[in-house]
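# need coordinates for the below:
(one chain, ligands or ions: 1)
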Amino acid sequence: MAGVSVPLVPLVNQKTVTKETLLESQQQLELSISEITPLIEQQQEAYQQLIAKLPLKTEKELTFSVPEQFQGKTIYQVGLNSKDKIVALTFDDGPWPKTTNEVLYILKKHNIKATFFVLGTNVKNYSGRLKQIVEHGHAIGNHSWSHPYSYQNPSAAALEIDRTEDLLYKISGVKTSLFRPPGGFLNNGLAAYARKTNHAVVLWSSDSRDYYTSEQKLLNNVLKQAQSGGIILLHDGGGDRSKTVRALPTMITELKQRGYKFVTVPELLEIAVTAQ
Ligand SMILES: [Zn+2]
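The predicted structure is shown next:
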């Protein structure tokens, strides 16, 4: 390419930019957004109507309980024979616009069920997306109402967990005994309340670190730490999760090639009980 000069920025519009042309393009942009928004809303509405027509899930399908031996316990992974290559993918901090749907699409394409640890505030704001997760047959866990890291006294901790559970039930009929403490903190009052109320406090054995690292590194983190009975931490909400979405198909394909099967956290706990 020696001697050829390629402009780094494509010259999309060679017109001289004046106040008028700027105003004109701004008006065009506003017009296109105002045209697109109702279409997106119509699509969401159509989806909700479709969900409303589907047969209702049974109470059993909507209840994510925990075997007795795991109630009130903290779980990082379960002990399985290394031949039993089973892992659980978990997604935190949703439901979230766009990325939750993208994750659902990828999981469906690969015929995989995962576990979503949702926040009460996001369930409130994006209730339609919660229904979509449930409709796809994934397991739901409680990740608190507002994701606090600071110390919560017993009544504040109870409110964080119970308020989320009440809303989950009201919106989707889901009951869950799985709790994941925000930031994995075990000493700020939330995990103590969850244990006291017989939840399983679910942490992880494999941290993708997708909240700050690159697509390639998050993928390597997961693949390097994958093990039988492992629980993998990923995020579908709480910020820009496009790297997680981009890494997910390769992650699944690579783990499948290594012989892993994917289950939800409640299924993983049941398998651990039966394996004993
Ligand atoms: Zn979180």
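# for this structure, which residue is closest to the average position?
The centre of the chain sits closest to F91, judged by C-alpha atoms, centre = their mean, with a distance of 3.0 Å.
# what's the distance between the host helix or strand of Y169 and the middle of its chain?
Assigned by DSSP states H and E, Y169 falls within helix 154-172. Its chain's average C-alpha position is 18 Å from that of helix 154-172, according to C-alpha atoms, centre = their mean, to the nearest Å.
# now that helix - C-alpha only, PDB.
Only the C-alpha atoms of helix 154-172 are listed here, as PDB (Å, rounded to 0.1, in the frame of the first residue of the first chain):
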ATOM      1  CA  PRO A 154     -30.900  -6.800  59.800                       C
ATOM      2  CA  SER A 155     -34.100  -4.900  58.900                       C
ATOM      3  CA  ALA A 156     -32.400  -3.300  55.800                       C
ATOM      4  CA  ALA A 157     -31.000  -6.600  54.800                       C
ATOM      5  CA  ALA A 158     -34.400  -8.200  55.100                       C
ATOM      6  CA  LEU A 159     -35.900  -5.500  53.000                       C
ATOM      7  CA  GLU A 160     -33.300  -5.900  50.300                       C
ATOM      8  CA  ILE A 161     -34.000  -9.600  49.900                       C
ATOM      9  CA  ASP A 162     -37.700  -9.800  50.700                       C
ATOM     10  CA  ARG A 163     -38.800  -6.900  48.600                       C
ATOM     11  CA  THR A 164     -37.100  -8.400  45.600                       C
ATOM     12  CA  GLU A 165     -38.700 -11.800  46.200                       C
ATOM     13  CA  ASP A 166     -42.100 -10.300  46.600                       C
ATOM     14  CA  LEU A 167     -41.800  -8.400  43.300                       C
ATOM     15  CA  LEU A 168     -40.400 -11.500  41.500                       C
ATOM     16  CA  TYR A 169     -43.500 -13.500  42.600                       C
ATOM     17  CA  LYS A 170     -45.900 -10.700  41.800                       C
ATOM     18  CA  ILE A 171     -44.500 -10.200  38.200                       C
ATOM     19  CA  SER A 172     -43.700 -13.800  37.200                       C
END
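# for that helix, packing partners?
helix 120-125, helix 127-135, strand 139-142, strand 175-176, helix 190-196 (3 or more C-beta pairs under 8 Å, 6 or more residues apart in numbering; DSSP states H and E). Every residue, glycine included, has its C-beta placed from N, CA and C.
# kindly reformat these as CSV containing mean pLDDT.
Formatted as CSV, those follow (pLDDT from 0 to 100):
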stretch, mean pLDDT
helix 120-125, 98
helix 127-135, 95
strand 139-142, 98
strand 175-176, 98
helix 190-196, 98
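# among the ones you listed, which is the most enclosed?
Greatest average neighbour count among those goes to strand 139-142 (a mean of 26), per mean count of other C-beta atoms under 10 Å.
# give me the residues contacting it.
When contacts are defined by C-beta atoms under 8 Å, 6 or more residues apart in numbering, strand 139-142 is touched by residues 64, 90, 113-118, 130, 133-134, 161, 164-165, 168, 172, 174, 176, 178-180, 194, 199, 202, 264-267.
# now a ChimeraX select for only the buried ones of those residues.
The ChimeraX command for the buried members of the contacts of strand 139-142 (criterion: 16 or more other C-beta atoms under 10 Å) is given here:
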select :64,90,113,114,115,116,117,118,130,133,134,161,164,165,168,172,174,176,178,179,180,194,199,202,264,265,266,267
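# the ion next: which of the contacts of strand 139-142 are close?
Among these, not one lies near the ion by C-beta under 5 Å from the ion.
# no further questions, thank you.
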